[in-house]
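Participant: give me the fold of what follows.
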Amino acid sequence: MRELIPMPRSYFIRVRCPKCGNEQITFSHASRIVRCGVCEEILARPRGGRAEILAPQMERLGVRT
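Facilitator: Purely as a prediction, here's the structure:
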């Protein structure tokens, strides 16, 4: 049986910059390039739907199981 209101497939991710170690939160379906707030390293690139995450993922936030 289909859900009346389906759960969203998007979520937020805590990532760590590989260059300086700064942690920040980004969206799984980011529509713009996400850069580190400290050193400007690219952490995620848009790919038409789900973003390509280039930094190590620390934690997924807001995902229900």
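
Participant: who are the contact partners of Cys39?
Facilitator: 17, 19-20, 22 (Cβ atoms under 8 Å, 6 or more residues apart in numbering). For glycine as for every other residue, the C-beta is placed from the backbone atoms N, C-alpha and C.

Participant: filter these down to the buried ones.
Facilitator: Buried members of those, scored by 16 or more other Cβ atoms under 10 Å, are Cys17.

Participant: sitting in strands, which of the contacts of Cys39 do you find?
Facilitator: Applying DSSP state E to the contacts of Cys39, no entry is found in strands.

Participant: from the contacts of Cys39, pick the one nearest Arg2.
Facilitator: Comparing the contacts of Cys39 against Arg2 with Cβ to Cβ places Cys17 closest, at 40.4 Å.

Participant: now do the contacts for the residue lying closest to Phe12 once chain neighbours are set aside.
Facilitator: Nearest residue to Phe12, sequence neighbours excluded (Cβ to Cβ, 6 or more residues apart in numbering): Leu61, at 4.3 Å. Leu61 makes contact with 11-14, 25 under the criterion Cβ under 8 Å, 6+ apart.
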